[in-house]
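# Okay, structure incoming, though there's no sequence with it:
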Ligand SMILES: Nc1ncnc2c1ncn2[C@@H]1O[C@H](COP(=O)(O)OP(=O)(O)OP(=O)(O)O)[C@@H](O)[C@H]1O
Ligand SMILES: [Mg+2]
């Protein structure tokens, strides 16, 4: 089904998703997810009386400072309404910002799902645990989901706007719940950790031929520790699996909405197409597509393109000189013409992509212009928010 792109009468993004309990901003690396999440949260807090929390992931230092956040894992901070007003965005509601602290999300998960405090302590203190958050694809993504779920359960905020990690692929985020279940419950791990008749986990490990070599290389102490760790990890399985299912359910509910962020650059755009299809396949509600860093419309103006062609030609400078009655440097005139030609070619490619987008999505598309001033301060965020 195809629908026109958002026009002046289409409600803005803040109105479209501001009434939801959770808004997840996703898309491929570097497209502007973190910037858009913060700007969208600000726009919702400006246009409604809701208490809005933006959960950012690895924001640029400048953006974090602009929002008043300092240091990883800092507690949520209320963005001063006076600062936002000065920057041009008076709030009706409230804006709170936080940064995802992956390590503490993992620690809480271990504590929650361990059968008792001893096991939890053992896992948390195990040296293998220290590296676990990098141990499987999607661990960062799952931490974001888990944090989203926790915040939603606490229901301190009317609306949560959630940024997503700079994944290799945006799909990593959607597949994270399955991956974590697989990771904690992997068959190999179960086999390794199965209690042996002797009740010593490492005996199983030592029985595997490959691990027999590992035993010699690493020493049986380390291997024993690994075996114990794997066995402890197994005790989390039931809880983690149940939780992952609850997270997946929440992400499919009508209280949640996904916003796919993309640029019109071909790789990011192709990924957005996949992502939209995947959301549909998973019955996760897509609410809007934000096209970021859109070039200005005047670049596709026919008359301007013709003028640029004249300038790019070596006779262009003479023609311009005659019109203006001044001497025009032919080299400067030619590069001016070529610059416009280059930009207009990009803008025409963007226009084709936008037409294509209208064909494959049946939700509103919101365009955010390319802003040449910095967007990572409050003034910049307000500029982005104005487009939402
Ligand atoms: N509309 C815009 N105009 C100009 N620059 C922008 C715009 N939106 C975002 N940027 C800039 O693009 C860069 C990437 O933005 P951002 O960090 O929000 O992307 P991201 O998708 O979160 O990246 P990552 O995948 O690495 O987390 C930043 O420098 C940001 O300031
Ligand atoms: Mg980011």
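Alright, I've got the coordinates. All values derive from a computational prediction rather than experimental measurement. Ligands and ions are numbered 1, 2, ... in the order given.

# where does this protein come near ligand 2, residue by residue?
33-34 (CB under 5 Å from the ion). For the C-beta atoms, the positions are set from N, CA and C on the backbone; glycine is no exception.

# so where do the strands sit in the chain?
Along the chain, counting by DSSP state E, strands occupy 22-26, 51-56, 77-78, 94-99, 159-162, 256-262, 286-294, 365-369.

# Looking at the stretch 151-300 of the chain, which residue is nearest ligand 1?
Residue nearest to ligand 1 within the stretch 151-300 of the chain: residue 166 (3.0 Å; CB to the nearest ligand atom).

# right, and that residue touches residue 58 too?
Yes: with contact defined as CB atoms under 8 Å, residue 166 counts as touching residue 58 (6.8 Å).

# Neighbours of the residue of the stretch 151-300 of the chain at minimum distance from ligand 2, how many?
Ligand 2 sits closest to residue 166 of the stretch 151-300 of the chain, with a gap of 5.2 Å, by CB to the ion. The number of residues packed near residue 166 is 15, by other CB atoms under 10 Å.

# Likewise for residue 84?
By other CB under 10 Å, the residues close to residue 84 number 20.

# how near is it to ligand 1?
Separation of residue 84 from ligand 1 (CB to the nearest ligand atom, to the nearest Å): 18 Å.

# same question, residue 363
Remark: distance between residue 363 and ligand 1 (CB to the nearest ligand atom) = 20 Å.

# same question, residue 370
Taking CB to the nearest ligand atom, one finds residue 370 at 5 Å from ligand 1.

# From residue 383, how far off is that residue?
Distance of residue 370 to residue 383, computed by CB to CB, to the nearest Å: 11 Å.

# quick one: low-confidence ranges for the stretch 1-150 of the chain?
1-10, 71-74, 130-139 (pLDDT under 70).

# which residues in it form helices?
13-17, 33-47, 61-67, 81-86, 102-113, 117-125, 127-130, 139-154 (DSSP state H, counting those that start in this stretch).

# if we can go back for a sec, as TSV, the strands of the chain with mean neighbour count would be great.
Formatted as TSV, the strands of the chain follow (neighbours: other CB atoms under 10 Å):
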stretch	mean neighbour count
strand 22-26	27
strand 51-56	24
strand 77-78	14
strand 94-99	22
strand 159-162	26
strand 256-262	26
strand 286-294	23
strand 365-369	20
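
# Present those as CSV; the columns should include distance to residue 341.
Formatted as CSV, the strands of the chain follow (distance: least, CB to CB, whole Å):
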stretch, distance to residue 341
strand 22-26, 35
strand 51-56, 39
strand 77-78, 47
strand 94-99, 42
strand 159-162, 39
strand 256-262, 25
strand 286-294, 19
strand 365-369, 21
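
# tell me the contacts of the residue nearest to residue 260 when sequence neighbours are not counted?
Among residues not flanking residue 260 along the chain, residue 289 sits closest, at 4.9 Å (CB to CB, 6 or more residues apart in numbering). The contact partners of residue 289, taken as CB atoms under 8 Å, 6 or more residues apart in numbering, are 259-262, 272, 276, 357, 361, 363-366.

# What's opposite residue 289 in the beta bridge?
residue 260, residue 365 (DSSP bridges).

# can you tell me which residues contact residue 264?
Residue 264 neighbours (CB under 8 Å, 6+ apart): 291, 293-294, 349-350, 353-354.

# confidence score at the residue of the chain positioned farthest from its centre?
Within the chain, residue 325 marks the point farthest from the mean C-alpha position, 53.7 Å out by CA atoms, centre = their mean. pLDDT for residue 325: 81.

# now it: how far from residue 257?
From residue 325 to residue 257 the distance is 59 Å (CB to CB).

# got it, and residue 144?
Distance from residue 144 to residue 257, by CB to CB: 16 Å.

# try residue 351
Counting by CB to CB - residue 351 and residue 257 are separated by 27 Å.

# ditto for residue 373
Distance from residue 373 to residue 257, by CB to CB: 30 Å.

# got the contact list for the residue lying closest to residue 129 once chain neighbours are set aside?
Spatially, and ignoring its direct neighbours in sequence, residue 129 is nearest to residue 123 (5.5 Å; CB to CB, 6+ apart). When contacts are counted by CB under 8 Å, 6+ apart, residue 123 touches 110, 114, 129, 229, 232-233, 236.

# go on, residue 60?
Per CB under 8 Å, 6+ apart, neighbours of residue 60: 34, 376.

# Recalculate using a threshold of 10 Å.
34-35, 66, 374-376 (CB atoms under 10 Å, 6 or more residues apart in numbering).
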